[in-house]
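S.K.: sequence and predicted structure are below.
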Amino acid sequence: MNNLLLLPVVIPMFIGVILIFFVKNIRVQRAISVIGSLALLIASVYLAFAAYESNSQVLTLELGNWQAPFGIVLVGDMLATLLVALAGIVGLFSLLFAFQSIGEEREKSYFYSFFFFLLTGVNGAFLTGDLFNLFVFFEVMLISSYVLIVHGGTKFQLRESFKYMVINMVASIFFLVGVAYIYAVTGTLNMADLAEKVGVIGQDGMLNVIAIIFLIVFAMKGAFFPLYFWLPNAYAGPPAVVTALFAALLTKVGIYSIFRSFTLIFIHDREFTHTIILILAGLTMIFGVLGALSQFNINRILNFQIISQVGFMALGIGLYSPLAIAASVYYIVHDIIIKAALFFTAGATEKVAGTSDLKKMSGLLKTHPWLGWLFFITAMSFVGIPPLSGFFGKFGLVLGGIEVGTTLAYILVAVVLLVSLLNLLSMMRIFMKAFWGEKNDTEPKITNKQSIGLLRPIIPLVALSIVLGLGSEPAFQYALAIADQILDPSIYIDAVLSGK
Amino acid sequence: MMKNSLSLQTISRIAVFIILLFSVYFLFAGHNNPGGGFIGGLMAASALVLLYLSFGTKKINKVIRINFPYLIATGLLIAMATGVISVIFGYPFLTQFYEYFHFPLLGKAGLATALLFDAGVFLVVIGVTILVILTIAEDDD
């Protein structure tokens, strides 16, 4: 029993509830939310540290004192706690960016409350050890995201968020169907218990179908090929901070769920399931980057880039070797940080230029050097230029692919290299069009000095990415330790079912 | 809102109290019999909606001066508090306790902390339901 596991779920929920009482008082709201997200950050980093300390045994908490396969457990292994800590970091800086950019009207309409409810759902989904509870936290997260995505209520937002809602409801129904199926077959929903029972029953026929249902559900949330079609438009509507939060965390919850279910439960017929994941990962990368190249709107380019990056992260699960999974974990960490930074810079650029159309921007580097170079570093880290963090994740994936050595793995290695190149092209296009070149005659909406405030929350994120790149040796050791832990499901199963 | 709805107004004056009483009964039965905070809350909300329907929103808003968002928040706080209390006493989150007591008049009855949790849910459900219905209804004005 370890009540510490609870804090990342209860703190944001508590703060969100408290904020409802102060909805008209912006200063109090800001103060409470900063204190709250600092507390959340400290708690979740401490939790990640505690999980690292007790490396061989996973932290568990049986809610309501009901024993493991019957009650609901929260499980904090190294992967889950690491992601919770990252959610804390992104949460804090998103909040600081929101102060600068979100506008008074949204602040007075429960923005901060739903911001914290979203974090509740995300952290809960990372920490839960029960499949149905995962569904519940998905819903908590999605309902908050429905509110955030439609918040402000422009016409475009209303139309796109309706589609977003419909697609997510369909996914949720599939999720529920999958849960019902697996409960009918195995008689349990506790993930550790499921892992054991699926191993005993043997994963064929029916259980493969269920595995694919779950893959479809998580692929819809995580924006895999061919289920990503909702993402580029839906994420183009809301303000930059909301998109950043969604890009950094929501798709990761989908990826994390795939990680969890396909490294713990459905691991007995990898020829079938993991090959599908590999193929999907390759196609997701290619179609994502092609979509990005076809666009001339900075937000849309980045939205398609979310999709192409999802492919990289899923690749490690498909390859299913320690190095590849470690590389995927490292990539997820890098992507959470850099996606937030990238969307913040895009939001700042949009505020400066007054438009998100690349064709109408030019030469912003002359008037806004800070913004320009910050975007440049972020973009380079995103693409994977060596000293920065993006490189090592891709490098690990390539090495992992070569190490696995099947034909499909070699093809995917080629795809990774090609897609990285195209990523570079599409990011350079933004930089060349928006920042490089001659100044055009449109006046910037805000001056360089005014834009510094917007940039302040971005700098620590970019710094973190640089640190992650320069310190990739210890970071990768950590990722390898995580990979060892999740490739040995018995650690997880024993921790949950022994009932400590 | 209907005009000249004399019969509706007359009946709902009585019916509202019966429904409210019944909803409280459900709340108390909830933790080990059919019922509970959710269903009780819905029922209480339906009583309030009946009032709004028969007398009109303006009139009832003068009588019921509840800030519904605050009601939701209060309910959530109560429900969370019952979970956190067990943490303070060193048990896992949401651990429930119960004990039998002798009450004057009522006799022996069981009290469970699950009831407090249900009371929180009760308030949240009333708040959400009425808030949603009123928001949609006021859209016409």
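M.R.: Received it, and whenever you're ready, just let me know what you need.
S.K.: when you work out contacts or count neighbours from here on, use the C-alpha atoms and nothing else.
M.R.: Fine.
S.K.: show me which residues of chain B sit near chain A.
M.R.: Counting by CA under 8 Å from any CA of the partner chain, the positions of chain B adjacent to chain A are B:69-70, B:73, B:76-77, B:80, B:87, B:91-96.
S.K.: can you name the residue of the stretch 151-300 of chain A nearest to chain B?
M.R.: As assessed by CA to the nearest CA, chain B sits closest to residue A:153 within the stretch 151-300 of chain A, at 15.2 Å.
S.K.: any idea which residue of chain B is furthest from its center?
M.R.: If you look at how far each residue of chain B sits from its centre, by CA atoms, centre = their mean, the farthest one is residue B:90, at 30.3 Å.
S.K.: coming back round to it: who wins on neighbours among the residues of chain B next to chain A?
M.R.: The most crowded member of the residues of chain B next to chain A, judged by other CA atoms under 10 Å in any protein chain shown, is residue B:93 (26 neighbours).
S.K.: any idea whether that one is helix, strand or coil?
M.R.: Following DSSP: H, G, I helix; E, B strand; the rest coil, residue B:93 is assigned to coil.
S.K.: surely it is in contact with residue A:3?
M.R.: Yes: here residue B:93 reaches residue A:3: they are 7.0 Å apart, a contact under CA atoms under 8 Å.
S.K.: helix/strand/coil for residue A:61?
M.R.: strand.
S.K.: and the furthest pair within the residues of chain B next to chain A?
M.R.: B:69 and B:91 (31.2 Å; CA to CA).
S.K.: and the residue of chain A closest to chain B?
M.R.: residue A:64 (3.7 Å).
S.K.: neighbours around that residue, how many?
M.R.: Around residue A:64 there are 19 residues (other CA under 10 Å).
S.K.: gap between it and residue B:87?
M.R.: Distance, residue A:64 to residue B:87, by CA to CA, to the nearest Å: 10 Å.
S.K.: and for these two, which residues touch both?
M.R.: B:93, B:94 (CA atoms under 8 Å, 6 or more residues apart in numbering or on different chains).
S.K.: if we can go back for a sec, now the residue farthest from the centre of chain B: which helix or strand?
M.R.: For residue B:90, there is no host helix or strand (DSSP states H and E).
S.K.: phi, psi for it please.
M.R.: Backbone torsions of residue B:90, given as degrees, to the nearest 10, read phi 90, psi 20.
S.K.: tell me the contacts of it?
M.R.: Contacts of residue B:90 (CA under 8 Å, 6+ apart): none.
S.K.: quick one on the thing from earlier: what sits in contact with each of residue B:93 and residue A:3?
M.R.: residue B:87.
S.K.: count the neighbours of residue A:487 for me.
M.R.: Neighbours of residue A:487 under the rule other CA under 10 Å: 18.
S.K.: which non-adjacent residue is nearest it?
M.R.: Closest residue in space to residue A:487, ignoring its immediate chain neighbours: residue A:263 at 6.5 Å, by CA to CA, 6 or more residues apart in numbering or on different chains.
S.K.: on that earlier part again, list phi and psi for the residue of the stretch 151-300 of chain A closest to chain B.
M.R.: According to degrees, to the nearest 10, residue A:153 has phi 60, psi 40.
S.K.: how far away is it from residue A:105?
M.R.: 11 Å.
S.K.: between the two, tell me which one has more neighbours.
M.R.: Set side by side, residue A:153 and residue A:105 show more neighbours around residue A:153, with 15 against 12, by other CA under 10 Å.
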